[in-house]
Every structure is written in C-alpha cells, then in structure tokens.
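> Structural data only, the sequence is not supplied:
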C-alpha cells in the first residue's frame, strides 16, 4: 500500500498578496482611493471651501459697512487698528469655522476604520500598522493644505472687489496677506493632524470631534475669560494651539503674542506630540 503526501499550497505572507511587495506608495494610494470614494468626504471638502469663501465675503462687507458708517467719527474708526492688517485678515476670517469642518473630517479618516470594522482587513494587509497611519497623516496633510490654499485664494478673489468698493487696502502682494495665506494653510494642517491623532487615540468620531472642538473653541475662550483673574493663565494661553497658530499669522511684534519662531515651535509640538502618541497607541493596542 502506498501513500502519497499532499503538499499544502504555499500562502503569501500578510501584506504580500500575489507575491508582490507592499510599499508605502501603495498604501498611500489605497488611502487616497478610500478617502475620495466616500461622498461625505467631498461634501465636507466643499463645505469647507464654501464656508471660508462665504464668511470672508460677509466679513468684508460687514467691516466695510461699519467703516463707512463711522466715516464721520474718526476716533471710532481708529479703534479698528491698522487698515492694512485688518484688510489682509479678511480672506481668512472664515478659518475658525472651516477648521472645525476639516478637523472633523480628519478625525473620521482614522476613527471610521474602527467604527466600520475595516481596520481588521486594513491591518491584516499591513500588519506593522505604521505605514497605514503615516500614509493617512501624509494624505490628510496634502488634502487639508490644498483645500485651505484653494479656499483662501478663492476668498481673496471674492473679497477683493468688496474691499475695493469700501476702499479697504487689500493687496495680494502685501506682507500681511502673505502671512495670513501661508500660515493660515499651516494652521489648517495643524488642526487636521491633531484631529487625525484624536481619531486614532479615541477610535470614536463623536468623541474625537468633541475633544477637537473643546481644544480649539471652548478651552481658549475659557482660559481667556479667566486670565483676568489668574495672571499666569494669560502667559499659558499663548501656548494653546489656537493662539500659537494665530500668532504666526500676525505681524511680528503684536502685543501679547509669541514671536514667530516661538509660535512655530509651539505649532510643531502640537503636531508632533499627538501624532507620536497616536502612532504608539495604535501599535500597542488591539484592533
């Protein structure tokens, strides 16, 4: 009696389906495909664009109308501050609302993996997990930067005729507008990456969005309100992400604001520390 030995078919290692080698570029490409395949993604991106452009237009009209009404009262008009700085800030006046929308989108980029259960298949394909997280971080950086840049430029094009109608000195080539443009983009990227980190750490969309809103809205308002009673809070408030990001967009020498290099370091820390913590927790925790 003879026996035959049945050989098991050789299976590919995780992350090497079809014998191919998993690359970071491949992971990044798959993340972009997942990101843009959801209708909600495009809706939130368009909402960010519309919010920034619309609020900037309304803000410019409101400021112009106020200045026109105060034309006979120069003392009140002088309280508005430097007109060049004021006009340059108008195209980014919708940043406070847009940051919550794009930040919420970044939270869901990571948290939705756990909410839908797709994290299991994602991390089976990439068992080291880190390429997925850093591919998402790079994708969020690229998308948020492009959305912010396009939104601010669109807001400038919309607000420019309104500003000219009220004789507001809005100039694309001015230093003040340049700072608002490029550091405004950095501000949105910071919010998005903090949102991504919160999504990875909390694994819950609602929880991540609430914490993000508290960090950028509730906490600054609370600290500013209490700084009059607690002296050291005024200094501590400068290191909040909202205040540091705003300080970058201001002309150097603004009262109470960090210097540009210091604000840049604070913004960098608010990006790096949450991302590092999220990457570590993602590696150590079960799916």
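Cool, the structure landed. Computed from a predicted structure; not experimentally measured.
> which residues does residue 139 contact?
28, 31, 32, 35, 109 (Cβ atoms under 8 Å, 6 or more residues apart in numbering). Every C-beta, even on glycine, is put in place using the N, C-alpha and C of the backbone.
> burial count for the second one?
So the one you mean is residue 31. The burial count assigned to residue 31 is 22, neighbours taken as other Cβ atoms under 10 Å.
> now swap in the one 3 residues further on and tell me
For residue 34, the number of neighbouring residues by other Cβ under 10 Å comes to 17.
> Kindly report the same for residue 120.
12.
> try residue 284
Residue 284, neighbours per other Cβ under 10 Å, totals 8.
> Okay, helices next: where are they in the stretch 51-200 of the chain?
74-78, 83-89, 95-115, 118-125, 130-165, 175-202 (DSSP state H, counting those that start in this stretch).
> Residue 64 is nearest to which of these?
Distance to residue 64, taken as Cβ to Cβ, is lowest for helix 130-165 among the helices of the stretch 51-200 of the chain, at 6.4 Å.
> possible to save the contacts of residue 139 as JSON lines with secondary structure?
Output for the contacts of residue 139, formatted as JSON lines (DSSP: H, G, I helix; E, B strand; the rest coil):
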{"residue": "28", "secondary structure": "helix"}
{"residue": "31", "secondary structure": "helix"}
{"residue": "32", "secondary structure": "helix"}
{"residue": "35", "secondary structure": "helix"}
{"residue": "109", "secondary structure": "helix"}
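> buried subset of those?
28, 31, 35, 109 (16 or more other Cβ atoms under 10 Å).
> Run through the residues that contact the third one.
With contacts taken as Cβ under 8 Å, 6+ apart, residue 35 has the following neighbours: 41, 109, 139, 143.
> Next one: it from residue 135, what distance?
10 Å (Cβ to Cβ, to the nearest Å).
> Measure how buried the closest residue to residue 196 other than its chain neighbours is and give me the count.
Spatial nearest neighbour of residue 196, chain neighbours left out: residue 106 (4.5 Å); criterion: Cβ to Cβ, 6 or more residues apart in numbering. The number of residues packed near residue 106 is 32, by other Cβ under 10 Å.
> What does the pLDDT read for residue 106?
With respect to pLDDT, residue 106 scores 94.
> Likewise for residue 140?
95.
> try residue 169
Residue 169 is assigned 87 on the pLDDT scale.
> wait, what's in contact with it?
Applying Cβ under 8 Å, 6+ apart, the residues contacting residue 169 are 83, 84, 87, 163.
> if I look at it, how far off is residue 57?
18 Å.
> Quick one: low-confidence residue ranges for the stretch 51-200 of the chain.
Applying pLDDT under 70 to the stretch 51-200 of the chain picks out residues 71-81.
> contacting residues around stretch 191-211?
Contacts for stretch 191-211 (Cβ under 8 Å, 6+ apart): 99, 102-112, 114-115, 133, 136-137, 140-141, 143-144, 212, 215-216, 241, 245, 270-271, 274-275, 277-279, 281-282.
> same question, stretch 143-152
35, 45, 48-49, 52-53, 91-92, 94, 98, 102, 106, 180-181, 184-185, 187-189, 191-193.
> My guess is residue 171 contacts residue 178. True?
No - the criterion here is Cβ atoms under 8 Å, and residue 171 misses it with residue 178 at 9.8 Å.
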